[in-house]
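Trainee: quick one, what's the 3D model for this:
(chains A and B)
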Amino acid sequence: MTAFEGVLFAGVRAIGLPVQVETHDDLVLIATPAEAPRSIARDQIRADAPIPGVARLLRLPGGELIETHAYDAVAALWPPKDISARVAFAIESRWWAAITGLVLTAGAVWLIVAFVLPLAAEPVSRRISPTVEAFLGKRTLEFLDRTILKPSTLTEEETEELEEKYARFVEGEDARSYRLEFRHAGMPNALALPGGTIVVTDELVHATANDAEFLAVVAHEIGHVRGHHAMRLVLQDSGLAVLMTALAGDAVGTTILAAALPAVLLRTRYSRQFESEADDYAFAMLKRHGQSPQAFADLMRRLRLQLHAKEESGSLLQYLSTHPATEERIQRAEQQR
Amino acid sequence: MNDHGTAALTTYRFDFTGRNGEYFRIWVVSLFLSVVTLGIYSAWGKVRKKRYLYSHTELDGTGFEFRAAPLAILRGRVIALALLGGFALSGHVLPIMQLLFIIILLVLTPWIVVAASRFNARNSAWRNITFGFDGGILEAAKVFLALGALAVLTLGLAYPYARMRRARFIIGHHCFGDTQMRADLATGGFFLAYLLATLMLIGTMVLFVAGMAGLVFASGAANRHQPSGMAALAPVAVLYVAYIAIYAFLRAHIGNLTLNGVVVGALRCRSTLRARDLVWLYLSNIVAILATLGLATAWVTIRMARYRARNLYLTGEAAPEAFAGTATGVSSATGSEVSDLFDVDVSL
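Mentor: The predicted model follows:
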């Protein structure tokens, strides 16, 4: 026999009545001060899933409710059937288990972000039809032309000369059609858009000291195109957004802030990986064409000097920049020489 | 603050008795099992978290009860997440599609509000008596879309009125058991609160621009360097704090105005939120969450729940025992989950 006390809420009025519960085998006796004791079969009563620190609720067949703090008695008489409730309750009740869960969560998130998402995005990006990719690239270029890019100020001869060198460089590379575009943007930069369009800014052309450096840039961007990096970044970003929302879940307000910061850092990680991949491709391609990756290192070094002349302090924003540490990239190029 | 009211009135207090350690563990387990089960457990985790918070929110010594079935929440969550995924992806693919999504979401707003309110009300109970919501989609469309459009067309002048009507709609269509709630709201207070907030906003902007001009002038006179990265961020941080202060002011005043207008039978709500308390709470919440990479979320939830509960009372001549229960039905969680993920405001 087990006996415990609780409060009975009949659900007719918002009144709680003290109640005595006694169990005899599979029979439960319920006694309130006002009424004669009743007996109910134990399996007719449902107990809610246990949560640490939450009073147990017993639901009687007619919709009545008994609230009790007799945790041990209820746990023994009505063990939770639901496996998820048992597992959750067991972990929630123990600090060491909860902390272990926290560490495992961090590890799992890291695994998903660092490996699962990139691994999943890669095959998906390869299956996207070239027409869709070309369409996206066109849309992106239109958008950039409206916002940050201006028509190129290079002379026709300069453009033709560069295009000729570029054509010779990519000749026989593969069946894909790359397209070279020049734009004015106010700073040295090059972009690879989905579908194979490579945009090189006038400022970058001016920053190159020779053809080898220009071709190093082109090779790097071809690396981005061949790796479908633009599409993969879109896919991984979307996956990240879904993951962050799933994690933050019922989060509103301030928690979003907490989710946004890691998301920014994680995005940066993806971009860095793609830069390294494109670098590797560029080094191999340059070597195939009898060029030295040293040209890449030289250009990087010059661009870094230009950048430092503008922004003297190593700011936080620079630390967050998408390109991997320039020094590291220069060294890698020089090792490949 | 008068806790006791006048002689004939009795005050029934809300209280919050949740503990940080307990809730932190429930929160962590929810996070952990959600990740391990690829998000499926999140519905169960949500129910457990809400059950903890509800049961520790006490009125007159009895906790509330959250009874939603995790499966209903999971179903809603899948739909909401699919919508969100589509929204995120469409932003990359076709910005015009994102616009379409926003329009669809806007058109769906009345349904989301009604469905979410009904789901939450029916799954909330106190002393085994459930709440209910009987607002119609047509009226919701009028209050949320038509008055929302009016607010936009009048460049925000009609917004306080729209906000008041929204609160009146949500409150007035709630019931507790057999007792229909009533919203006793006046537009004047809403207009005053938003007018003051607007003045504060304008004042902040003027001070900010003047301060920036002063800073640029001073640094230009001292040397010809641009202010360095961190120094340039300082005014932005000040501006951010000012925004939070104005936001807290609005939350406190609109919250009090709204809650003080809630009448349940012979009882009336009394809310004593204070802007300066909320400013401190919001600022320290943000700092704590950022400093702990989100781990302080559980602590933030508990302290906000405690603050809200301890600033809420019911006063009146009748005792809450007078409330009678009523039959309840089943409702879908889709609206509730969509409103959660897209942060549609159905709050009072």
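
Trainee: what does the model give the residue lying closest to residue A:296 once chain neighbours are set aside for pLDDT?
Mentor: Spatial nearest neighbour of residue A:296, excluding adjacent residues (Cβ to Cβ, 6 or more residues apart in numbering or on different chains): residue A:216 at 4.0 Å. In short, each C-beta sits where N, CA and C put it, glycine included. Residue A:216 carries a pLDDT score of 89 in this model.

Trainee: what separates the residue of the stretch 51-200 of chain B found nearest chain A from residue B:122, distance-wise?
Mentor: Going by Cβ to the nearest Cβ, chain A is nearest to residue B:128 of the stretch 51-200 of chain B, at 3.4 Å. As judged by Cβ to Cβ, to the nearest Å, residue B:128 and residue B:122 stand 14 Å apart.

Trainee: repeat that for residue B:181.
Mentor: Between residue B:181 and residue B:122 the distance is 14 Å, computed by Cβ to Cβ.

Trainee: ditto for residue B:280
Mentor: Residue B:280 is 36 Å from residue B:122, by Cβ to Cβ.

Trainee: quick one: secondary structure of the residue nearest to residue A:296?
Mentor: Here residue A:216 is recorded as helix under DSSP: H, G, I helix; E, B strand; the rest coil.

Trainee: near residue 14, how many other residues are there?
Mentor: Went with chain A since none was named. Residues lying near residue A:14 (other Cβ atoms under 10 Å in any protein chain shown) number 24.

Trainee: meant chain B actually
Mentor: 19.

Trainee: before we move on, which element is residue 169 in?
Mentor: Using chain A here. Using DSSP states H and E, residue A:169 sits in helix A:156-170.

Trainee: correction: the question concerned chain B.
Mentor: Here residue B:169 is assigned to helix B:159-172, by DSSP H and E.

Trainee: now that helix: average pLDDT?
Mentor: On average, helix B:159-172 scores 94.

Trainee: pairing partners for the following helix or strand past it, with directions?
Mentor: Moving toward the C-terminus from helix B:159-172, the next helix or strand (DSSP H and E) is strand B:174-176. Next to strand B:174-176 in the sheet, as set by DSSP bridges, lie strand B:129-133 (antiparallel), strand B:179-183 (antiparallel).

Trainee: just say helix, strand or coil for the residue most central in space within chain A.
Mentor: Closest to where the C-alpha atoms of chain A average out (Cα atoms, centre = their mean) is residue A:240, at 2.4 Å. With three-state DSSP as the basis, the three-state label of residue A:240 is helix.

Trainee: what's the answer for residue A:3, then?
Mentor: For residue A:3, the assignment made with three-state DSSP gives strand.

Trainee: got a list of what it touches?
Mentor: Residues in contact with residue A:3 (Cβ atoms under 8 Å, 6 or more residues apart in numbering or on different chains) are A:20-23, A:73.

Trainee: restricted to helices, list these.
Mentor: Among the contacts of residue A:3, the members falling in helices (DSSP state H) are residue A:73.

Trainee: relative to chain B, which of the contacts of residue A:3 is nearest.
Mentor: residue A:21 (16.1 Å).

Trainee: returning to what we had before: more neighbours: which of residue B:128 and residue B:122?
Mentor: residue B:128 (26 against 18).

Trainee: tell me how many other residues surround the nearest residue to that one once chain neighbours are set aside.
Mentor: Distances taken as Cβ to Cβ, 6+ apart put residue A:9 closest to residue B:128, at 3.4 Å, once the chain neighbours are dropped. A count of nearby residues for residue A:9, using other Cβ under 10 Å, gives 26.

Trainee: residues contacting the residue in the stretch 101-250 of chain A positioned nearest to chain B?
Mentor: With Cβ to the nearest Cβ as the measure, residue A:101 is the residue of the stretch 101-250 of chain A nearest to chain B, at 3.6 Å. Applying Cβ under 8 Å, 6+ apart, we find residue A:101 in contact with A:91, B:28-29, B:31-33.

Trainee: then residue B:269?
Mentor: Contacts for residue B:269 (Cβ under 8 Å, 6+ apart) come out as B:259-263, B:312-314.

Trainee: hey, where'd the helices end up in the stretch 101-250 of chain B?
Mentor: Assigned helices in the stretch 101-250 of chain B, in chain order: B:137-140, B:147-153, B:159-172, B:187-222, B:229-260 (criterion: DSSP state H, counting those that start in this stretch).
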